[in-house]
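> have a look at this prediction, sequence included:
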Amino acid sequence: MSINPNNRIELDKVGQSFTSNEHEVLLFQDLSISLVQGESYAITGPSGSGKSSLLMLMSGLELPSKGQVTYLQNTHKLPLSDLRGEIGFIFQQFHLLPELDALNNVALPLKLRGQKGAEEKAKYWLTRVGLAQRLKHKPQQLSGGEQQRVAIARALVFEPKFIFADEPTGNLDTKSAKEVADILFSCCLENGAGLVMVTHSETLAARAQHILAFKNGQCELLEHEHDKGKVHYA
Ligand SMILES: Nc1ncnc2c1ncn2[C@@H]1O[C@H](COP(=O)(O)OP(=O)(O)OP(=O)(O)O)[C@@H](O)[C@H]1O
């Protein structure tokens, strides 16, 4: 899939707050940002600052309390529900189905969509993430890093325009984290997918082209190398 920089997710003056025990908790407000297909973004900040909540808004899984999130496809404004078929997710806990082997974990999303050649495509992506010798292994027979590579193959198998990842290396040791990050970035690049990830890892965040940093209740977009030095990671 080629990159089309006119495919964007637009956040316009977005705010998110929750009411708990009759108190309003304001996570962020007035956040405007454009996420461009093919580019990479890291969301950083202290625990509880709103990183995962922001990821949920950007992917359309939750609605903001204020403002609008829209999907622009070649400058046509589309409802965010049109984005559903165009995104893939990767989670810290992998979320593989324990009773299925690697091949079927990756093939399942395609089969559920009635797509032909599901197993061939799943095999291609598992080979791409270095697991050609692990097709018949079930999740509990794989290491954490291998399970996350299956999850990456599953997210990319239907060529999404954006990948959303919540702490994709959070459960891995340093060596596996680097391998998984290498694979994640190269697969997104090869596939022309935008990558938006929440991370506490300074090393991982520094690899993204853009950093969205939560600090003192504000969320600031840092675009340039010299700006990235200002970030304090939690
Ligand atoms: N649906 C909800 N209802 C009420 N409060 C919520 C809801 N979702 C999130 N929160 C609260 O919003 C705050 C931010 O949560 P969020 O998970 O976005 O933070 P985070 O920065 O991703 O944290 P961490 O790094 O610890 O994962 C937390 O205090 C959380 O309890």
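Nice, I can see it.
> residue contacts, the residue nearest in space to the middle of the chain?
Nearest residue to the geometric centre of the chain (Cα atoms, centre = their mean): residue 164, 1.5 Å. Shown in contact with residue 164 (Cβ atoms under 8 Å, 6 or more residues apart in numbering): 55, 58, 59, 87, 88, 89, 90, 196, 197. Where C-beta positions appear, they are placed from N, C-alpha and C, glycine not excepted.
> and the pLDDT for it?
Predicted confidence (pLDDT) at residue 164: the value is 96.
> dihedrals phi and psi, it?
phi -110, psi 130 (degrees, to the nearest 10).
> number of residues surrounding residue 34?
13 (other Cβ atoms under 10 Å).
> measure residue 71 to the ligand for me?
22 Å (Cβ to the nearest ligand atom, to the nearest Å).
> check what pLDDT that residue gets.
Confidence score, pLDDT, at residue 71: 91.
> buried set for the lengthiest helix in the chain?
Ordering each helix of the chain by length in residues (DSSP state H) puts helix 174-191 first. By neighbour count, with 16 or more other Cβ atoms under 10 Å as the criterion, the buried positions of helix 174-191 are 176, 177, 178, 179, 180, 181, 183, 184, 185, 187, 188, 191.
> over to stretch 131-138?
Buried, per 16+ other Cβ under 10 Å, within stretch 131-138: 131, 134, 135, 137, 138.
> for the buried residues of helix 174-191, which one is nearest the ligand?
residue 177 (16.4 Å; Cβ to the nearest ligand atom).
> hang on, residue 123 packs against residue 136?
No: with contact defined as Cβ atoms under 8 Å, residue 123 does not count as touching residue 136 (11.2 Å).
> what do those two both touch?
Going by Cβ under 8 Å, 6+ apart, residues that sit against residue 123 and also against residue 136 are residue 103.
> before we move on, back to that, and the residue nearest to the centre of the chain, how far from residue 210?
In this view, residue 164 and residue 210 are 15 Å apart by Cβ to Cβ, to the nearest Å.
> what strand or helix carries residue 115?
Under the criterion of DSSP states H and E, residue 115 resides outside all helices and strands.
> was I right to think it contacts residue 159?
No: using Cβ under 8 Å as the test, residue 115 is too far from residue 159 to be in contact (10.9 Å).
> quick check, residue 90 in a strand?
Yes: using DSSP: H, G, I helix; E, B strand; the rest coil, the secondary structure at residue 90 is a strand.
> tell me what the closest residue in space to it that isn't next to it in sequence is bridged to.
Nearest residue to residue 90, sequence neighbours excluded (Cβ to Cβ, 6 or more residues apart in numbering): residue 165, at 4.0 Å. Beta bridges link residue 165 to residue 90, residue 197 when assigned by DSSP bridges.
> report the contact partners of residue 165.
Contacts of residue 165 (Cβ under 8 Å, 6+ apart): 89, 90, 91, 184, 195, 196, 197, 198.
> that's all I had, so thanks and see you.
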